[in-house]
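J.: give me a 3D structure for the following:
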Amino acid sequence: MNVFKYLKDSYRQIVFFLLIILITDLVLISSVDLKKSLLDIFYLNILFFFVFLIFLAIDYTKWRNSYKDLKRALDAGENIDSFIPRGNRLEEILIRDIIELKNKEKLEETEKLKKNLEEINDYITKWVHEIKIPLSVCELIADKLEDEGQYDLSKELIQETERMNFLVNQVLHMSRASSYSQDFIVEEVNLSSLVKNVVKNNMNLFISKKIELEMGNLDFNIFTDKKWAYYVIEQIVNNACKYVDVHGKIKIQGEENDESVILTIWDNGMGIPEKDIDRIFDRGFTGENGRKTTKSTGMGLYICKKVADQLNFNIEVSSEVSKYTEFKIIFYKLSDYLKVTKM
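T.: A predicted model of the protein is given here:
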């Protein structure tokens, strides 16, 4: 938006002015006595140039003021709606028309994409409910095998069925990633009841690896969405079970301060390498541990972080390789649930 850019854009007007001056001078020179009028013609040219420079400066100032805010917004990647030129010049009218047309095209494209995503989500939801039927049958078969004394086979089948159920539920939750806020119901929830349900539904993981579970005081009430809070806690507990060795240990406890209720989930598993710890909430990131065990999809903690951001609670993690991993879920007492918005 400098003066050289303006002069380059205005070169036709400048050339036109110079031609007018040249023609005027030629006419005056040919029609009067040169000796008597040369100085007058020179003064006249200076006057013309001075007036032209004034008009040029005024036009440049208007031109710069019309577009400088728009240019700054474009360079900064800001929203340009409030900086659209409002003048009646042809180029300003064209800019407004182009922006309006592109906004209309983008809106139509967005609506089409939204409709396609809704169709995919509907299909995934139906598929999840359909796949749960054969999984339930597998659970019945496992129970029958146990009744027949085939305990090892029944145990393995139950473990794999539970893992499939866990992954199927993860697919269902992921399909709702674009509309979490439409699924939120914030209410008062007892933390102890929530954690015990998680442990109960993952009991076979604890039993199969003979994991020692230590539970501290959890008798606190939190304000959150029960279903999604359950999902976050289950993801972290499930990960703890996956990454501890046989006869490992998991500790779950709560504490309260003036601002929040903090749920701590600690395990003595393989730990998270320092180079991975800042990326564990990234979409699709499996890390060194995920590649070792081949049990990670890289989506569980990603969804947890998105849910936490929308429900205004926080997840902190600390770890040391081969020693421990500790997750802290911080449920704030004064969360502004009016800020729960669509992702």
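
J.: quick one, domains of the chain?
T.: Recorded structural domains for the chain (assignment: automatic domain parsing) are 3-83, 186-339.

J.: I222: what secondary structure?
T.: State at I222, reduced to three classes by DSSP: H, G, I helix; E, B strand; the rest coil: strand.

J.: for N79, that is, sorry about that
T.: N79 falls in the coil class when you classify it by three-state DSSP.

J.: poorly predicted segments of the stretch 1-150 of the chain, please.
T.: Low-confidence segments of the stretch 1-150 of the chain, defined by pLDDT under 70: 1, 32-36.

J.: any idea how far F206 is from I252?
T.: Taking CB to CB, to the nearest Å as the measure, I252 and F206 are separated by 11 Å. For every residue, glycine as well, the C-beta is placed using N, CA and C.

J.: now V15: how far from L7?
T.: Look at V15 and L7: by CB to CB, they are 11 Å apart.

J.: ok, and what's touching stretch 138-149?
T.: L153, S154, L157, I158, T161 (CB atoms under 8 Å, 6 or more residues apart in numbering).

J.: hmm, I typed the wrong one, I wanted stretch 7-15.
T.: Surrounding stretch 7-15, the residues in contact under the criterion CB under 8 Å, 6+ apart are L56, D59.

J.: what's the span of it from first residue to last?
T.: 11 Å (CA to CA, to the nearest Å).

J.: what's the local residue count around R96?
T.: The number of residues packed around R96, counting by other CB atoms under 10 Å, is 14.

J.: offset the numbering so it begins at 20, please.
T.: Understood, numbering begins at 20; the last thing we discussed is R115.

J.: picking that back up, and I271 and F225? Which one has more around it.
T.: Neighbour totals were compared for I271 and F225, and I271 leads with 23 against 19 (other CB under 10 Å).

J.: what ranges does the protein have for its strands?
T.: Using DSSP state E, the strands assigned to the chain run over residues 205-209, 231-234, 240-244, 268-275, 279-286, 333-339, 343-351.

J.: which residue sits closest to S194 in space, ignoring its chain neighbours?
T.: Once flanking residues are discounted, S194 sits nearest to I143: 4.2 Å by CB to CB, 6 or more residues apart in numbering.

J.: what distance do you get for the one you found to I33?
T.: When I143 is compared with I33 (using CB to CB), they lie 64 Å apart.

J.: the two: which is more packed in?
T.: Remark: of I143 and I33, I143 carries more neighbours, 16 against 13, as counted by other CB under 10 Å.

J.: isn't that one up against N188?
T.: No. The pair I143 and N188 fails to qualify as a contact (CB atoms under 8 Å) at a distance of 11.7 Å.

J.: distance between the lengthiest helix in the chain and the chain's centre?
T.: Secondary structure of the chain per DSSP state H: the longest helix is helix 109-166. Going by CA atoms, centre = their mean, to the nearest Å, the spacing between the C-alpha centre of helix 109-166 and its chain's C-alpha centre is 17 Å.
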